[in-house]
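Colleague: Sequence and predicted structure below; questions after.
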Amino acid sequence: MGRGIIKLEADRCKGCELCISVCPKKILEIHDKKVNAMGYHSVWVSDMERCTGCANCALICPDGVISVYVEERVGK
């Protein structure tokens with residue numbers, strides 16, 4: 001099984017927090033100390049190593065600012 005890699009377009013994020021609510025690992029958080037180009041507090045990934053690649057966050061994002069890629073592990 002691979003590990004997920006989340007790519008966020010932070011400047012387009014409106015901080016609606018829908019992605020935070022569906023993340024099974026609770027690794028998405030609102031960036032409360034910084035605002036993006038639109039003046040919103042955007043989401044950030046607090047612990048990428050724990051991402052499973054489920055893509056729930058990307059599926060629920062109303063603005064399509066999240067992409068999830070799965071890095072396949074070789075060997076083992």
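Modeller: All right, it came through fine.
Colleague: got the contact list for the residue nearest to T52 when sequence neighbours are not counted?
Modeller: When the adjacent residues along the chain are set aside, T52 lies closest to G4, with 5.5 Å between them (C-beta to C-beta, 6 or more residues apart in numbering). Bear in mind the C-beta positions are built from the backbone N, C-alpha and C, glycine included. Contacts of G4 were listed using C-beta atoms under 8 Å, 6 or more residues apart in numbering, and they are M48, C51, T52, G53, C54, A55, V68, Y69, V70, E71.
Colleague: Lowest-confidence member of the residues you listed, which is it?
Modeller: Among the contacts of G4, E71 carries the lowest pLDDT, at 84.
Colleague: Tell me the secondary structure at the nearest residue to G53 once chain neighbours are set aside.
Modeller: Beyond its immediate neighbours in the sequence, the residue positioned closest to G53 (C-beta to C-beta, 6+ apart) is G4, lying 3.0 Å away. When classified by DSSP: H, G, I helix; E, B strand; the rest coil, G4 comes out as strand.
Colleague: and the gap between G4 and S46?
Modeller: As for G4, its distance to S46 is 14 Å (criterion: C-beta to C-beta, to the nearest Å).
Colleague: how far is the host helix or strand of K7 from where the chain is centred?
Modeller: Counting by DSSP states H and E, the secondary-structure element that holds K7 is strand 3-8. The chain centre lies 7 Å from the centre of strand 3-8; the measure is C-alpha atoms, centre = their mean, to the nearest Å.
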